[in-house]
Each structure stands twice: as structure tokens, then as C-alpha cells.
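Engineer: how would this look folded up:
(chains A and B)
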Amino acid sequence: MLDKEKCGRKTDEELVALTLKNQDFFACLIERYEPKLMRYIRRISSATQEDAEDLLQEIFIKVYRHLNDFDGRLKFSSWIYRIAHNQVISQWRKTKSRPLVLKFEADEDFLKFIATDEDLALDTERKFTGEEVRKALEDLDDKYKEVLVLKFLEGKDYKEISDILQRPLGTVATLINRAKKQFQKISAQKGIKF
Amino acid sequence: MKKLCDRVLEKIKEENISPRPQWAFLVKDCFIWSAFVVSVIVGSLAFCVVLAVSLNNDWDIYERLGRTPFQHIIFSLPYLWIILLILFFWLAYFNYKHTKHGYRYHTFTVLGLSVISSIVLGSIFHTTGIGTRIDRFLDQSYSQFKMLNCCQIHEDVWNQPERGLLGGKIKEVIDQKDFRLEDFSGIVWIVREDDGTIEFEPVRVVKGEEVKIIGKKEDENVFWAKEIRPWDRKGIGREIKFREEE
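Structural biologist: Sure, this is the predicted structure:
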């Protein structure tokens, strides 16, 4: 059995190299990314917990199969998020049983991001509720929701979002700016005061 | 219930799943890059033919055809090659976007680069005369190609002696001023030149040469030549005072 202590000190890239020699090391990568990816899947799809777990299992299998395709010039996290993103989209296209609805859990982290974002010019002293923000976010166009999930909920920078969504950096920046503007507009219409 | 991690590892072991070999991904990358290079080259060839056809087109005969310059442009453009050119611009863009880092560049950047590279490479190809050769080969080998490529058939345009346009093959050189020409409907004409006749390089008035002539129908099957041009290109005009004996 693998000594989990050993995993903790290794970088993702080192673990990829080790997994290619000994598949047991893959457990380290799974354990490292399982909670993050589970949260991400649930945020960008309307999958139930069981469906999300099945999807996640497929994602990890796909990651394992494609380990030799991992490009060291990318961050491993960007690469694994990209696979997750593509798998969610592909699953949604296959079944189309449920709409691809992005869910925003307006948790503390997200509210903190929203409140301190310079472009939104909001007060750091919060005067809004999570529920209000969630309602405003629900009305955003889908194309804006996903970049916001990655930016504010997953805490990814522009470069990482560009690598995950496979869109040019400039496009990502534009999408985020437009998303913020639309968010401000919707908030104003809904009378949400920040 | 088993942990996800255990389930994944169990499945990997049970189904004997292993990482795909690195060469498989390399082959895929090479294939995409090759498709990109081929698209750029074919796009360049298409551009080269468009350039050759455009440069060789007789843009100055629109009045004789009773057309406005705009109508003449519309009738003369090589549409099939233009469609192929656009198709291969797009294919080059599509293939580049599917390379590993192709997504990092904006559509306009990639499309712009594919257009510029096809234009630059196509212009280099043009200097070798390959565009004219491709167009001539397809024109001669596939009769349907003529109709697909453009709205007008070259032979029909130059088979209008009443409008002063005559094309065909030289059957016989009679003397320094006259020769016999068989037009595309099989009629044999006597073509007369005079001191004012201009022959366009690289035309040669010799038996078997295909030419197109701008002039005037003088009599039944007699045509006065003002300009004699090579059949498949526009050529460069020069005044002929006398013809060298063969």
C-alpha cells in the first residue's frame, strides 16, 4: 500500500511521472482533486450527487488513460479541470436529460470575491445576502456563468481559465468583464444594493 | 460504500486500463500539424491559380462583349478556385485551432496568418508558372471543370467574330502577313495582319499554336487581326514589323 505521506510533498507533475511508473500513485492525484472536481462538476451541471460521482469516476479514468498527453507547459490542475469541463459538456450532449444549468452556491468565499472585486467597485462592507447574489447570478447568460464559476468560485486566474476552457486569453478577459457588467446591471434592476 | 478513489483504481485494475502510449499522442499531433501544412499549401496553390487566371484574363475586352467593367469582372472570376481558396483558408484555421496550443490565439489572428501564409506562398508559386499549368491541365482534362470554374467558357468568348473576337489553332502560315486559323466550331479563317498588328509575347505565329485574336471580320471567313494573343494568357504586347522565317 502506498504511503500517503509521500504524496503530500510531491507536486502534481511529479505524481504524474510516478503514476506512469506505478499506478498506485494515481490514488494521490485522485484524493487531491476529488473534492475540487466534485464541487466544480456540481457547480457547472445540474448533476445529482450520484451522477456527479459516476461522472467523476469517468473523468479520472480518462485522465489516467491520457496521462502521457499531459503537457508540462500547462498546470496539471488546468489540464484536469479541462478534462472535467469537456466530460461534463460531452455527457450533457449525450443525454440532454437535464438542462445544463450552472449553479451558484453563493458561499462565503464567493461573496468575499464579489465584495472585493475592484471592477465591481463594491464596498468591502457587505450589505447583501447570498440569496440576493444568487438570484442576480441566475439571470446571467450561460456563457458568462462558467467563467465566473472558474474565476470566483474556483479561484482560477485568466491564464488558467484560458487553458481550461481552451479560449484565448483576451476572450476570457472580455467574457469576465462583460459578465461583471451584466451582473451589475441585473443587480441594479433587482434593486440589490451593495 | 467504497471510496471513489478505490473504485477508480479497482476499475483500472479489473479492466486492465493503461495510459495510452506517448507515441499515439505524438502521431495525433503530427497528423493535425500535417493537415495544417497541407491546407496551407493547397490554399496557396488555389491562390496561385486565382492569381494566374486573374492576371491572364483579358480584362480589356468588356466593351466588345457589350458588358460594363463590373459585369465583366463578375463573368470572369474563377469561382471554383475562389471557393477552394476560402475552403482551405478555413481548413488551415480549423487544423491550427486543433493543435495543442491553437486555442490560445484569437480566430482573427489564426485566420489572418493562414491567409497571409497562403498569399505569400501562393505568390512564390506563381513566379514558377504553376498556377497557369494547373488551370490549363484541369481545363484540358475535365470538360466539366470549365463550366464549374466560371460563368463563361473561354472558347465561347473567343468565338464571336462579329464582335471582333476570334480564337483557335493556326492550321497553316501562308506568308508573312496571312495565316489560316481553325476556330472552335471548326470553321477555317484566313487571318490577315498588317504593319499595325500587335503580337503579344510569348505568342508565336506557327502551325499548331493556339491563339486569340482581336480584330474585325472583313469578309466571309476573312478576319483582320489587330492584336494576336497567346491562348492561355494575356501576354505582353509588341508591334510586329516582320515575322522571322521558320
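Engineer: Now B:Val8: which helix or strand?
Structural biologist: Per DSSP states H and E, B:Val8 falls inside helix B:4-14.
Engineer: which SS state does the most centrally placed residue in chain B fall under?
Structural biologist: With distances taken as C-alpha atoms, centre = their mean, B:Val49 lies nearest the centre of chain B, 2.7 Å away. Using DSSP: H, G, I helix; E, B strand; the rest coil, the structure places B:Val49 in helix.
Engineer: same check, this time on the one 5 residues further on
Structural biologist: Using three-state DSSP, the three-state assignment for B:Ser54 comes out as helix.
Engineer: For A:Val147, the count of nearby residues, please.
Structural biologist: Other residues within reach of A:Val147 by the criterion other C-beta atoms under 10 Å in any protein chain shown amount to 26. Any C-beta I mention is one placed from the backbone N, CA and C, and that applies to glycine too.
Engineer: And B:Glu182, by the same measure?
Structural biologist: When neighbours are counted by other C-beta under 10 Å, B:Glu182 comes out with 14.
Engineer: cool, and B:Asp6?
Structural biologist: Burial measure for B:Asp6: 12 neighbouring residues, criterion other C-beta under 10 Å.
Engineer: gap between it and chain A?
Structural biologist: 8 Å (C-beta to the nearest C-beta, to the nearest Å).
Engineer: Which pLDDT does the model give that residue?
Structural biologist: Reported pLDDT at B:Asp6 in the predicted model: 90.
Engineer: Pull the contacting residues for the closest residue to B:Val203 other than its chain neighbours.
Structural biologist: Computed as C-beta to C-beta, 6 or more residues apart in numbering or on different chains, the closest residue to B:Val203 that is not its neighbour in sequence is B:Pro230, at 4.3 Å. Applying C-beta atoms under 8 Å, 6 or more residues apart in numbering or on different chains, we find B:Pro230 in contact with B:200-203, B:210-212.
Engineer: Quick check on these: which are buried?
Structural biologist: B:200, B:203, B:211-212 (16 or more other C-beta atoms under 10 Å in any protein chain shown).
Engineer: What is the nearest of these to B:Ala24?
Structural biologist: Taking C-beta to C-beta as the measure, B:Ala24 lies nearest B:Lys212 of the buried ones among the contacts of B:Pro230, at 56.7 Å.
Engineer: hang on, B:Phe94 in a helix?
Structural biologist: Yes - counting by three-state DSSP, one finds B:Phe94 located in a helix.
Engineer: and the closest residue to chain A within chain B, helix, strand or coil?
Structural biologist: Closest approach of chain B to chain A (C-beta to the nearest C-beta) occurs at B:Tyr103, with a separation of 3.8 Å. Assigned by three-state DSSP, the conformation of B:Tyr103 is helix.
Engineer: With that, I have no additional questions.
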